[in-house]
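Asks: for reference, the sequence and a predicted model appear below.
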Amino acid sequence: MNKFLFLYIFATLYSASAKANDFSVESIEDMLYFHHKESASACFYTEDKFQGESFCLTAPGAIDLYNRKDSHLNDRISSIKIPAETQVTIYKNDHFNSPHYNLTESVDLTWLKKMGMAGQISAIKIRDSLGFCIQDCVVIKENKIELNRTLGKYDSEFGEVNKLILMNIDINNESNFGVGFLDYPQIVVVGKDLFFYTAGKSEPLNMRISDNADNLSLLFKLNDRGLGFQYLEAEGTAPLNTPFWINTQYSSGNLADLHIINGIPDNDRGNIPDNTQPLILNKTIMAINKHSHRDKRGALGIAGCVGIPLLAIYNLVVQGRCNQLDKLVGANEFSHRDGEGKTRVVAGSATPLPMPEVDSSPPLNNIFHLTGLNTHLHHQALTLPAVAKICRTSVEDILAARYPRSPDENCPRWVLPILMDFTLLFGHSIQNWTQERLGQILTQIAETGSTGYASNDQETEDRLVMGVRDAIQTQGITEATQQITRAFHYSRLNYANYLSYNTTKIRTPVDAQKLPLGKYSLPLESYHYPTEPPGVRLRENNQWVAKPDLHFQVEIIDGIAGNREAIARVHSVMERWYSTYISAPLKTNRQGIPMTDIDRTTSAARTTSASLLMELEREASHYLFVVVRLGDEIISVQGAVKGIYASWSHGDDDNDYYIEASVTAPLYVLTPEAEGNIRGAGTAAVHELARYLKEHGVKTLRSTVISQPSAKVKMKLGFHHDKRW
């Protein structure tokens, strides 16, 4: 697949082709209706390429070819010319009986053969269409959804609303289509691979679709804050994956057209493969949703709920207990004040199917699931969450530039640009992107007004110098230095976690800034502690052997005050671990990128152990420490913190907890295959932490990890690793 040719199709595909669409506006209780207008005629030919004997129909109209006196045209249609804004339904059987297809594009004999309708058409209906095709639509080359036509009016009527576009498409191993906007984002499906492009030069996210999937649901959510995308793969009506949000930047002030393109060129000339089959668009639904400010669960809740509103408005997906159909309302109820959090279908149908006897929603088990992937951090995946943490705000508010009015509280406005520019100048090498180098730069700027380093990017250097000098002038040198240093510390912690969870194509900090940030969630309402405690595995005779008679002991230390003896013991151990990691050999390339897996984990452990050591020493630390022992030996230590103090809350419930750092004893990291080594402590820590938090009323345990574009994140600490990725 040539990714650069997707836009080419939009620009060149239809210089001569006639096309039209179908439009309906329907609240849940209303019947579909069409607007009458003066229409051009659709014409039907007995020969290919719009030749031979023919007849034409003008909308609205219908003809049963089999039951006419002059039935000689029955089963003889070989090409159809369809004008703009017209929809033609062709039926294989007389009396307008299925199978049938809705067409909005002219078709020749080749495409009718691919549909199995060449010489098979016995009945025809024609109608006007305004906007898009709703159901059982055949996309030959392009189908366009004019969003502004259907959704553009609702902001002025109801204020800010989420605009939802949901479609379901048949897929197979030969699928080859794209769905997206001219100015991005774009989704391309080739076979059973889904590619999500956020911008023209960006490497796409790549998700592998299940081999068993035969249909794919795509959901777009647009509002003033950006665009969210979800996909749900299914076999029949049985969902095969747990949907998650991919968030990206998009200006919805002027809604664009959403294009569905069949056939992605396989060469630079833009030629569509000869074996391209008609794309079957089973259903399209458009809806509006009033965001509920009171409902902040934002994640899984109970099994199968993660896709709301995907599972809320799509009736082809199994209608289980999590479909939230009680929140689907009509126009009158949506207009009421209590319409907050509810959804109104404005085009298409969302009549629920019968309740299934068995809930086939994919089980969540006691594992973390990817619930969000943020791609619009403006190349600040490391620094933006760090600044949000030390400034006690959310990433979402920083992105929306919703700063406090008081200049003294305007922390993100001055800290973030400084960290960004420092990373642009020194983040090309891990060896230069350090606390020591930052301290030198801050001191040099304060004393001399320059960085003291030669730079190839004079504009960025000048901006950094100006930003630091302004911060010192307004905040004072002590406050400015402390805030910048603390934010950079958490930026380095974010990078260390990136090293821990990604095993291939490790990037420098300046390049890691450009990667998407994944959010993983474990819903504690549905969590159950394992009947058998997580087991210990020992390395014996070059094999990992389960030891059912051995069990980890897990201690939860909630805060510094009142736990000083326990904190002192852990601090003493962490000091030794930190010293061991700092003195351990570390092989890197010229950019400071670790060479091997051991080098990678060693590099990460240097930062995470330093971070936990700092939190153990801070009287005001809000960390909850999870200490795992086997006998008298401490095997691992984790740090978790409440959402309001976390690096990435992004509008979640402030009472949710985030795992921020985890360190394992150096003995088991530096010589991972050595005889007598221990595994399983991380899993034991997560389970005990989940049980503890659930008992204390916490709804969700989360973690965030910077991901590679393929979204192939190495899973540790109980994270779910979908083997299809």
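Replies: Yep, it's here.

Asks: in which helix or strand does V387 reside?
Replies: Taking DSSP states H and E as the criterion, V387 maps to helix 383-390.

Asks: domain parsing of this protein, as residue ranges.
Replies: What automatic domain parsing lists as the domains of the chain is 35-128, 147-363, 383-512, 517-706.

Asks: spatially central, which residue of the protein would that be?
Replies: Central residue of the chain (C-alpha atoms, centre = their mean): I246, 2.0 Å from the mean position.

Asks: tell me the strands beside the helix or strand where it lies, with direction?
Replies: Assessed by DSSP H and E, I246 sits inside strand 245-248. Strand pairing for strand 245-248, using DSSP bridges, gives strand 226-235 (antiparallel), strand 369-374 (parallel).

Asks: pick the most deeply packed of those.
Replies: strand 369-374 (a mean of 24; mean count of other C-beta atoms under 10 Å). Any C-beta I mention is one placed from the backbone N, CA and C, and that applies to glycine too.

Asks: average model confidence for it?
Replies: Confidence for strand 369-374, expressed as mean pLDDT, is 80.

Asks: next, the angle from that strand to helix 383-390.
Replies: Strand 369-374 runs at 110 degrees relative to helix 383-390, counting by axes from the mean of the first three to the mean of the last three C-alpha atoms, to 10 degrees.

Asks: for strand 369-374, output the C-alpha coordinates as PDB.
Replies: C-alpha atoms of strand 369-374 as PDB (Å, rounded to 0.1, in the frame of the first residue of the first chain):
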ATOM      1  CA  HIS A 369      -7.000  -2.800  28.600                       C
ATOM      2  CA  LEU A 370      -6.000   0.000  26.300                       C
ATOM      3  CA  THR A 371      -8.800   2.600  26.600                       C
ATOM      4  CA  GLY A 372      -7.300   5.600  24.800                       C
ATOM      5  CA  LEU A 373      -4.500   6.500  22.500                       C
ATOM      6  CA  ASN A 374      -3.800  10.300  22.300                       C
END
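
Asks: is it true that S175 touches V190?
Replies: Yes - if you go by C-beta atoms under 8 Å, S175 and V190 touch, sitting 6.9 Å apart.

Asks: between those two, who's got more neighbours?
Replies: A count of neighbours by other C-beta atoms under 10 Å puts S175 above the other of S175 and V190, at 22 against 16.

Asks: state the distance from the more buried one to R492.
Replies: The gap separating S175 from R492 is 42 Å, by C-beta to C-beta, to the nearest Å.

Asks: mind listing what's buried in the helix or strand hosting C43?
Replies: Per DSSP H and E, C43 falls inside strand 41-47. Residues of strand 41-47 classed as buried by neighbour count (16 or more other C-beta atoms under 10 Å): 41-46.

Asks: buried stuff in the helix or strand hosting A604?
Replies: Using DSSP H and E, A604 maps to helix 597-617. Residues of helix 597-617 classed as buried: 598-616 (neighbour count, 16+ other C-beta under 10 Å).

Asks: that helix packs against which elements?
Replies: helix 477-501, helix 564-583, strand 624-630, strand 633-642, strand 657-664, helix 666-670 (3 or more C-beta pairs under 8 Å, 6 or more residues apart in numbering; DSSP states H and E).

Asks: can you list contacts of the helix or strand hosting V138?
Replies: Assigned by DSSP H and E, V138 belongs to strand 135-139. Contact with strand 135-139 is made by 22, 100-105, 107, 115, 143, 177, 260-262, 278-284, 348-349, as judged by C-beta atoms under 8 Å, 6 or more residues apart in numbering.

Asks: what about that strand, distance to the chain center?
Replies: 27 Å (C-alpha atoms, centre = their mean, to the nearest Å).

Asks: with just CA atoms, put the strand holding C43 into CSV.
Replies: Only the C-alpha atoms of strand 41-47 are listed here, as CSV (Å, rounded to 0.1, in the frame of the first residue of the first chain):
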residue,chain,number,x,y,z
SER,A,41,-33.4,10.5,-14.4
ALA,A,42,-31.4,7.3,-13.8
CYS,A,43,-31.1,5.2,-16.9
PHE,A,44,-30.8,1.4,-17.3
TYR,A,45,-29.1,-0.3,-20.3
THR,A,46,-29.1,-3.8,-21.7
GLU,A,47,-25.5,-3.6,-22.8
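
Asks: buried set for the helix or strand that it is followed by?
Replies: Sequence order places strand 51-58 as the next helix or strand after strand 41-47, per DSSP H and E. The neighbour-count check on strand 51-58 (16+ other C-beta under 10 Å) flags 54-55, 57 as buried.

Asks: with distance to P594 and pLDDT added, can I get these in JSON lines?
Replies: As requested, the buried residues of strand 51-58 are exported to JSON lines (distance: C-beta to C-beta, whole Å; pLDDT from 0 to 100):
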{"residue": "S54", "distance to P594": "70", "pLDDT": "92"}
{"residue": "F55", "distance to P594": "72", "pLDDT": "92"}
{"residue": "L57", "distance to P594": "69", "pLDDT": "92"}
